[in-house]
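Sequence plus predicted model, see below.
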Amino acid sequence: QKEVEQNSGPLSVPEGAIASLNCTYSDRGSQSFFWYRQYSGKSPELIMSIYSNGDKEDGRFTAQLNKASQYVSLLIRDSQPSDSATYLCAALTSSGGYQKVTFGTGTKLQVIP
Amino acid sequence: DTAVSQTPKYLVTQMGNDKSIKCEQNLGHDTMYWYKQDSKKFLKIMFSYNNKELIINETVPNRFSPKSPDKAHLNLHINSLELGDSAVYFCASSQDYDFLETQYFGPGTRLLVL
């Protein structure tokens, strides 16, 4: 079982719709979670981080965390063609001063004009 | 000015060769990282340096060796290149050794081993 799992997609949504990206993780010790956006041929860019159960909103982006279900999601409202990219989920585990971050393989999002 | 820069952008080489990738950050950050992203987009951290001290050394082959001449530079040297080393290598930096700090990525070096 992969430590951080994402559906590779592509996930296609029409412009203006809500895109829902999902991520599950296997390590219950994971404490913090991150969503990165990566355009084709470019480097990853952090767009959201979440540490507590519940929702965290930033503009059109909402991250949701459910530690009991070991589930993290990213919602993108009013999707735009410029949101078309691969979205990487990452989980951070800290133990004894040592940090370990594990990435999923990403979900490719296509926003159709 | 580019915050995190890498050279070269592309690197094509033969199996068995030794190569280096350079990384520089002008953000005044204390920690720098090297990541490998394979063809399936799987991103994995390889090393991080905090104030010239190795903090993380993931289970990467010892053919890979990070070298940090100063806080602003973290170079990656690879000996005896293998086909499986073909990937995109990203350098990144953050203010402190803490993944909760935002990491700034370089543009990547695309390595192809023939």
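Looks like it came in fine.

Skip the chain neighbours and tell me the closest residue to the residue of chain B found nearest chain A.
Residue nearest to chain A within chain B: B:Phe105 (3.7 Å; C-beta to the nearest C-beta). Backbone N, C-alpha and C define where each C-beta goes, glycine included. Ranked by C-beta to C-beta, 6 or more residues apart in numbering or on different chains and with sequence neighbours excluded, the top spatial neighbour of B:Phe105 is A:Ser43, at 3.7 Å.

Can you give me the neighbour number for the one you found?
A:Ser43 sits with 20 neighbouring residues when counted by other C-beta atoms under 10 Å in any protein chain shown.

May I ask which helix or strand encompasses it?
Following DSSP states H and E, one finds A:Ser43 outside all helices and strands.

Which residues are in contact with it?
B:90, B:105-108 (C-beta atoms under 8 Å, 6 or more residues apart in numbering or on different chains).

Angles on the backbone of it, please.
In terms of degrees, to the nearest 10, the main-chain angles of A:Ser43 are phi -90, psi 160.

give me the beta-bridge partners of the most centrally placed residue in chain B?
For chain B, B:Trp34 is the residue whose C-alpha lies nearest the centre (C-alpha atoms, centre = their mean; 3.0 Å). For B:Trp34, the beta-bridge partners are B:Phe47, B:Cys91 (DSSP bridges).

pLDDT score assigned to the spatially closest residue to B:Leu114 that is not a sequence neighbour?
Residue nearest to B:Leu114 in three dimensions, not counting chain neighbours: B:Gln14, with 5.6 Å by C-beta to C-beta, 6+ apart. For B:Gln14, the pLDDT comes out at 97.

ok, now which ones touch B:Gln14?
Counting by C-beta under 8 Å, 6+ apart, B:Gln14 makes contact with B:81, B:113-114.

And these, which of them are buried?
Buried by 16 or more other C-beta atoms under 10 Å in any protein chain shown: B:81, B:113, out of the contacts of B:Gln14.

want to throw the contacts of B:Gln14 into TSV with secondary structure?
Putting these into TSV (DSSP: H, G, I helix; E, B strand; the rest coil) gives the following:
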residue	secondary structure
B:Leu81	coil
B:Val113	strand
B:Leu114	coil
